[in-house]
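Peer 1: Predicted model and sequence follow; I will ask about them next.
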Amino acid sequence: QVHVVESGGDSVQPGGSLRLSCTASGSIWSLDAVGWYRQAPGKQRELVATITSGGSTNYADSVKGRFTVDRDNTKNTGYLQMNSLKPEDSAVYYCNAKGHTYQGMEMRPFDIWGQGTQVTVPS
């Protein structure tokens, strides 16, 4: 079984920075992609950034140049560095981990969401 836990959310003044972490644990064969999403009150969950095991990244236009996604494959951990934060960045940030787990001789794909971490940037 695979578990995903995010951490690093906090309240920060506009212009400040935060670094979120997403760690996958359990019987992990491969962590193929880590995605960061966010959901503000009354809004749909939206993609923020993704990174593959090979290091390919993708960003929402609203965060390009301010946010950086990276990962440590040795720790099965993804990170989201958020700089120049704005009030509109306030949301619950969720990590999504995709990969493969092993059970005995069998490999199975997994697609798991973390519980979310709150980021607040007051106006």
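Peer 2: Sure, I can see it. Since the structure is predicted, the reported quantities are computational estimates derived from the model, not experimental observations.

Peer 1: okay but Val92 is in contact with Gly114, surely?
Peer 2: No: using CB atoms under 8 Å, Val92 makes no contact with Gly114, being 10.2 Å away. Just so you know, the C-beta spots here come from the backbone N, C-alpha and C atoms, and that holds for glycine as well.

Peer 1: who's sitting farthest from the centroid in the chain?
Peer 2: Met105 (29.5 Å; CA atoms, centre = their mean).

Peer 1: Name the residue in Val92 and Gly114 with the higher neighbour count.
Peer 2: Gly114 (21 against 18; other CB atoms under 10 Å).

Peer 1: just checking, that one touches Leu80?
Peer 2: No: assessed by CB under 8 Å, Gly114 is found out of contact with Leu80, at 11.8 Å.

Peer 1: can you list residues touching both of the two?
Peer 2: Common neighbours of Gly114 and Leu80, counting by CB atoms under 8 Å, 6 or more residues apart in numbering, are Cys22.

Peer 1: Can I get stretch 20-30 as CSV, trimmed to CA atoms?
Peer 2: Output of stretch 20-30 as CSV, limited to C-alpha atoms (Å, rounded to 0.1, in the frame of the first residue of the first chain):
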residue,chain,number,x,y,z
LEU,A,20,5.8,22.3,0.1
SER,A,21,6.8,18.7,0.3
CYS,A,22,5.1,15.6,-0.9
THR,A,23,6.4,12.2,0.3
ALA,A,24,5.2,8.9,-1.0
SER,A,25,5.9,5.8,1.2
GLY,A,26,5.1,2.1,1.1
SER,A,27,5.9,-0.6,-1.5
ILE,A,28,7.0,1.8,-4.2
TRP,A,29,8.6,0.3,-7.3
SER,A,30,8.6,3.6,-9.2
